[in-house]
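Student: with the sequence up front, the predicted model follows.
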Amino acid sequence: MAIFLFLLLVAVVLGVIGALAEGLFYLLIIGIVLVVADVAFIAVRSTRRPRRHPLR
């Protein structure tokens with residue numbers, strides 16, 4: 001979970017820098033790609049965990 005939050009923070013920082021700095025639009029694109037990768041990583045990770053039966 002810590003790596004997810006770290007990558008999300010990096011994506012936000014890159015996105016802000018890319019949106020505000022002239023000529024650094026590629027950083028905004030990299031930030032968006034990182035957010036999509038983070039969401040996909042968490043989705044795959046949460047579906048791969050075995051569900052425990054509540055009565056056990």
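Tutor: Received the coordinates, thanks.
Student: so what's the residue positioned nearest the centre of the chain up against?
Tutor: By CA atoms, centre = their mean, the mean C-alpha position of the chain lies nearest to residue 38, the distance being 2.7 Å. By CB atoms under 8 Å, 6 or more residues apart in numbering, the contact set of residue 38 is 4, 7, 8, 11. Using the backbone N, CA and C atoms, a C-beta is placed for each residue, glycine as well.
Student: over to residue 25?
Tutor: residue 18.
Student: neighbour-wise, which one of the contacts of residue 38 leads?
Tutor: residue 11 (20 neighbours; other CB atoms under 10 Å).
Student: which strand or helix spans that residue?
Tutor: Per DSSP states H and E: residue 11 is located in helix 2-20.
Student: extract the CA atoms of the helix or strand following that helix and return them as PDB.
Tutor: Of the helices and strands lying after helix 2-20 in sequence (DSSP H and E), the nearest is helix 25-48. Extracted in PDB, the C-alpha atoms of helix 25-48 (Å, rounded to 0.1, in the frame of the first residue of the first chain):
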ATOM      1  CA  PHE A  25       3.600  18.700 -21.100                       C
ATOM      2  CA  TYR A  26       5.200  15.300 -21.300                       C
ATOM      3  CA  LEU A  27       5.400  15.300 -17.500                       C
ATOM      4  CA  LEU A  28       1.600  15.600 -17.300                       C
ATOM      5  CA  ILE A  29       1.300  12.600 -19.600                       C
ATOM      6  CA  ILE A  30       3.700  10.600 -17.500                       C
ATOM      7  CA  GLY A  31       1.700  11.600 -14.400                       C
ATOM      8  CA  ILE A  32      -1.600  10.400 -16.000                       C
ATOM      9  CA  VAL A  33       0.000   7.100 -17.000                       C
ATOM     10  CA  LEU A  34       1.300   6.600 -13.500                       C
ATOM     11  CA  VAL A  35      -2.200   7.100 -12.000                       C
ATOM     12  CA  VAL A  36      -3.700   4.600 -14.500                       C
ATOM     13  CA  ALA A  37      -1.000   2.100 -13.700                       C
ATOM     14  CA  ASP A  38      -1.500   2.600  -9.900                       C
ATOM     15  CA  VAL A  39      -5.200   2.000 -10.200                       C
ATOM     16  CA  ALA A  40      -4.700  -1.100 -12.300                       C
ATOM     17  CA  PHE A  41      -2.100  -2.400  -9.800                       C
ATOM     18  CA  ILE A  42      -4.500  -2.000  -6.900                       C
ATOM     19  CA  ALA A  43      -7.300  -3.600  -8.900                       C
ATOM     20  CA  VAL A  44      -5.300  -6.700  -9.800                       C
ATOM     21  CA  ARG A  45      -3.900  -6.900  -6.300                       C
ATOM     22  CA  SER A  46      -7.200  -6.800  -4.600                       C
ATOM     23  CA  THR A  47      -8.800  -9.400  -6.900                       C
ATOM     24  CA  ARG A  48      -6.000 -11.900  -6.400                       C
END
